[in-house]
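> Provided below are the primary sequence and the corresponding predicted coordinates.
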Amino acid sequence: MEEGVDRVAIAEMYQRLIQERDKEIDVDADVERDIETSRNFQEEFCCTDPFYIEQMEVIKASMPEDVTSGTVGAYLYGCFQPELAVEIGCTPACSDGLKNPDIEDCNIASYEKEGGELRKLNNVNTEEANVFIAENEEITLEDRQQLRQDGVSVITTFNQDGDSINYVLGESIDLDQPEYTEPPPEEEPYTWYWGWIFIFFAVMIAIGLAFAILR
């Protein structure tokens, strides 16, 4: 740790962020200022500096069971989630969050679909890619075209688990295959045939009634 860095101020800054972990990340100027300080600290001292590692252990020890997307907690704990169906380093929360010294950088192209926009999360270019899909979002034809332009041929989708920062495995999609569309419903066989028979008998009955009245 270089001289001139105020260890006490850094430690207090992380304590404030821990206390504000349930607050939305962009509604408080003080929180935004602390996160900016944290990013600068990370850029300069991650990830082998003993004091940086010490502060990350403090963060990890404070992690709650559930972390909501878009909160201060998402920034603090995004890279400290347990490894499940996806490498944590590839997820949106980790991509934007505090770096965990114990995990490797994501080595596969990763994207996030949120707010109607497809956003690339890293600078990795691979033919296979992860796509993290937020609630109420879907992969569109425009998204497929963007991915193909980036050189991606196969994607694995991950769907957001409610409003948390975690995702569940979706499906594998080959972008070289045409997009599936629901076929139109098949007409019931001979529907038209029975319709004409009904009309024929209706006409015959009407004619019979007419003759009966005329008599």
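Sure thing, it's come through.

> quick one, strands of the chain?
Under the criterion DSSP state E, strands of the chain are mapped to 109-114, 117-120, 128-133, 154-160, 167-174.

> what's the burial count for residue 143?
Taking other C-beta atoms under 10 Å as the neighbour definition, residue 143 ends up with a count of 20. Glycine gets a C-beta too; all of them are placed from N, C-alpha and C.

> ok, the closest residue to it other than its chain neighbours - contacts?
Nearest-residue entry for residue 143: residue 118, 4.7 Å, with adjacent residues in sequence omitted and distances by C-beta to C-beta, 6 or more residues apart in numbering. Neighbour list for residue 118: 111, 112, 131, 142, 143, 146, 147 [criterion: C-beta atoms under 8 Å, 6 or more residues apart in numbering].

> ditto for residue 97
Contacts were defined as C-beta under 8 Å, 6+ apart; by that measure residue 97 touches 74, 75, 76, 77, 78, 79.

> so the second one makes contact with residue 35?
Yes - taking contact to mean C-beta atoms under 8 Å, the distance of 6.1 Å between residue 75 and residue 35 places them in contact.

> those two - which one has more neighbours?
Neighbours were tallied for residue 75 and for residue 35 using other C-beta under 10 Å; the higher tally belongs to residue 75 (24 against 21).

> okay, the residue nearest to residue 143: pLDDT?
pLDDT, the model's per-residue confidence, is 97 for residue 118.

> picking that back up, looking at the strands of the chain, which one is packed in the most?
Using mean count of other C-beta atoms under 10 Å, the stretch among the strands of the chain with the greatest mean number of neighbours is strand 109-114 (a mean of 23).

> other residues contacting it?
Taking C-beta under 8 Å, 6+ apart as the criterion, the residues outside strand 109-114 that touch it are 90-92, 95, 118-122, 124-126, 128-134, 137-139, 143, 147, 150, 152, 155.

> equivalent analysis for stretch 29-46, please.
Under the contact criterion C-beta under 8 Å, 6+ apart, stretch 29-46 has outside partners 1-2, 5, 10, 13-14, 16-17, 20, 23, 25-26, 51-52, 72, 75, 98-99, 101.

> 7 Å - rerun?
Counting contacts by C-beta atoms under 7 Å, 6 or more residues apart in numbering, the residues outside stretch 29-46 that touch it are 1, 10, 13, 16-17, 20, 23, 25-26, 51-52, 72, 75, 98-99, 101.

> show me the two of these that sit farthest apart.
Of all pairs drawn from the contacts of stretch 29-46, the one with the longest distance (C-beta to C-beta) is 1 and 26, at 30.0 Å.
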